[in-house]
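Turn this into a model:
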Amino acid sequence: MKPATLHSRISNISRELALFITASFAVGMAASLVDSTLNNFLNDTFSLNGFQRSFLEFPREFPGVIVLFVSAALWFLGSRRLGAFAMLLAALGIFLIGFSSSSYGLMVIFLFIYSNGNHLFMPVATTIGMELAADGRTGRRLGQLNAIRNLATIAGSFLVFIGFKFLGFTYQHSFTIAALVFTAAAVLMFLMKPEKSAPPRTFLKLRKEYTLVYALAVLAGSRKQIFITFAPWVIVTIFNKPTQTIATLVTIGGVIGILFQPFLGKAIDRYGERMILSAEAVALIFVCLGYGFSRSVLPENTAFIVVCVCYLLDQMLFSVSMARSTYMKKIALDPADIQPALSASISIDHVFSISVALLGGVIWNNFGFQYVFLLGMLIAVINFFVARRIVIPQSIKAQTPVTLPVERD
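Predicted coordinates:
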């Protein structure tokens, strides 16, 4: 891209988009600081076994179950003010985890507060991102925003790597910085122009027209524990790797994501949600094979490399969730349905996420970690056949561009 063109694109970014981009960067960096250290913090502080670690997914994921109702109760804030409030909750929660977790019970309470903030922000971020997209470029815009969050992920995980390896960081340092960056994101969201808000009409109502959206949410929730809980736990406990290992992988994944996220967004716009979600399901089958069985058939060092590659690929696949959001936007009978449906999807997602986390913990303890990933393979197979049922109305297809020229932001 020519420098003049890049300068022109940057100078034409609206104030609202600039604020949201900066806030998204802050959220990504803070989340990376937490994600790179939380598993090691739990292991070092509380010496959890596989089931105890998976049980923590209940307080961590339950806010996702109730996000539908919390969002409805706070409708008067509007999406942008709700985003600011969510980031303040996240900041408070992670700060308390770092400094007041004198017992396992207290840590669970603080984890619940932190997770409430994160889960409230999820549908808000997607809704605002799609609002700030040009017609026919929703996937592209979400891909760009995700690429920015990947850049932020690099910054956060690199800081963890340098801090723990050279600067004598403790978990309290990492969590304090994360709390400050979450607070900065809250300020940026608050500075955005508030939109007009109205009492929700459909937050508490599931519509049959969106059944496939909800089915995809069931499978997304079931699948995501593979990446969030069990994959890092394999690296930390089966391969006995330190904090810097996860931080390094998150950094590398962030670098890859800077290029991959915009490409994925364009691919969704060009090839459609059906193809992208189907491809994700196929790839996840091989990822689960690598996680679960590489150590059984390969030398230790080679198996660890395979698991790291699987982790990076899994991190990329996790971004395919944007395809579920763009699909919802395309089939929405009313634009006002989008955020409520996304919130409902997150709630459904997390009901099954908690269930799979608990089931996975039982399987891990009683049969071995390999069988957790066999469960993941089964979920991926089901996901493939559900994704093949996606159909976009012809009227929407006609509006979706085949080529993707550079647009003015």
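
Tell me the gap between stretch 14-32 and the middle of its chain.
Between the centre of stretch 14-32 and the centre of its chain there are 15 Å (C-alpha atoms, centre = their mean, to the nearest Å).

likewise stretch 211-226?
Relative to the mean C-alpha coordinate of its chain, stretch 211-226 is positioned 13 Å out (C-alpha atoms, centre = their mean).

Please apply the same query to stretch 262-270.
18 Å.

Just the CA trace of it, in PDB.
As requested, C-alpha coordinates have been extracted for stretch 262-270 and formatted as PDB (Å, rounded to 0.1, in the frame of the first residue of the first chain):
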ATOM      1  CA  PRO A 262      -8.200  -9.300   7.900                       C
ATOM      2  CA  PHE A 263      -7.800 -12.300   5.500                       C
ATOM      3  CA  LEU A 264     -10.400 -14.200   7.400                       C
ATOM      4  CA  GLY A 265     -12.800 -11.200   7.400                       C
ATOM      5  CA  LYS A 266     -12.400 -10.900   3.600                       C
ATOM      6  CA  ALA A 267     -12.900 -14.600   3.200                       C
ATOM      7  CA  ILE A 268     -16.200 -14.500   5.100                       C
ATOM      8  CA  ASP A 269     -17.400 -11.700   2.900                       C
ATOM      9  CA  ARG A 270     -16.300 -13.500  -0.300                       C
END
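
Now it: buried residues?
Buried residues in stretch 262-270, defined by neighbour count with 16 or more other C-beta atoms under 10 Å: Pro262, Leu264, Gly265, Lys266, Ala267, Ile268, Asp269, Arg270. Every C-beta, even on glycine, is put in place using the N, C-alpha and C of the backbone.

so what's Val391 up against?
Going by C-beta atoms under 8 Å, 6 or more residues apart in numbering, Val391 touches Arg274.

how close does it sit to Leu48?
Here the criterion is C-beta to C-beta, to the nearest Å. By it, Val391 lies 44 Å from Leu48.

Would you mind confirming that His350 is in contact with Asn116?
No: judged on C-beta atoms under 8 Å, His350 makes no contact with Asn116 at a distance of 11.7 Å.

joint contacts of the two?
With C-beta under 8 Å, 6+ apart as the test, His350 and Asn116 both reach Pro63.

for the buried residues of stretch 262-270, which one is nearest Val372?
Ranked by distance to Val372 (C-beta to C-beta), those are led by Leu264 at 26.7 Å.

Could you say which helix or strand holds that closest one?
Assigned by DSSP states H and E, Leu264 belongs to helix 243-271.

coming back round to it: of His350 and Asn116, which one has the most company?
Set side by side, His350 and Asn116 give different neighbour counts by other C-beta atoms under 10 Å, the larger being at His350 (28 against 23).

From Ala26, how far out is that one?
Summarising the geometry, the distance separating His350 from Ala26, computed by C-beta to C-beta, is 24 Å.

how about whatever helix or strand Met87 lives in: buried residues?
With elements taken from DSSP H and E, the one containing Met87 is helix 78-100. Under the neighbour-count criterion of 16+ other C-beta under 10 Å, helix 78-100 has 78-98 buried.

same deal with stretch 215-233?
Going by neighbour count (16+ other C-beta under 10 Å), the buried part of stretch 215-233 is 215-233.

Equivalent analysis for stretch 60-80, please.
For stretch 60-80, burial by neighbour count (16+ other C-beta under 10 Å) applies to 60-68, 70-71, 75, 77-80.

circling back: next secondary structure after the helix holding Met87?
Downstream of helix 78-100, the next assigned helix or strand under DSSP H and E is helix 104-131.

And the next helix or strand past that next one?
helix 138-166.

So what's the model's average confidence on that next one?
Along helix 138-166, the predicted local confidence has a mean pLDDT of 78.

swap in stretch 239-258?
Confidence over stretch 239-258, taken as the mean pLDDT, stands at 78.

What are the buried residues along it?
Within stretch 239-258, the residues scored as buried using 16+ other C-beta under 10 Å are 241, 243-254, 256-258.

contact partners of it?
Applying C-beta under 8 Å, 6+ apart, the set of residues contacting stretch 239-258 from outside is 32, 35-37, 39-40, 146-147, 150-154, 156-158, 160-161, 164-165, 232, 235-236, 295, 300, 304, 307-308, 311-312, 315-316, 319.

ok, Gly129 touching Arg141?
Yes: taking contact to mean C-beta under 8 Å, the distance of 5.9 Å between Gly129 and Arg141 places them in contact.

that older thread, I'd like to know which elements the helix or strand following the helix holding Leu264 is packed against.
Helices and strands here follow DSSP H and E; after helix 243-271, the next one along the chain is helix 273-297. With contacts taken as 3 or more C-beta pairs under 8 Å, 6 or more residues apart in numbering; DSSP states H and E, helix 273-297 sits against helix 243-271, helix 300-318, helix 321-331, helix 369-387.

in helix 273-297, what's buried?
Using 16+ other C-beta under 10 Å as the test for burial, helix 273-297 gives 273-281, 283-285, 287-292, 294-295.

phi, psi of Ser101?
Here is the backbone geometry of Ser101 (degrees, to the nearest 10): phi -90, psi 60.

contacting residues around the nearest residue to it once chain neighbours are set aside?
In space, Ser101 comes closest to Met107 once its chain neighbours are excluded; the distance is 3.8 Å by C-beta to C-beta, 6 or more residues apart in numbering. The contact partners of Met107, by C-beta under 8 Å, 6+ apart, come to Thr45, Phe46, Ile97, Ser101.

Pull out the buried members of those.
Buried subset of those (neighbour count, 16+ other C-beta under 10 Å): Ile97, Ser101.
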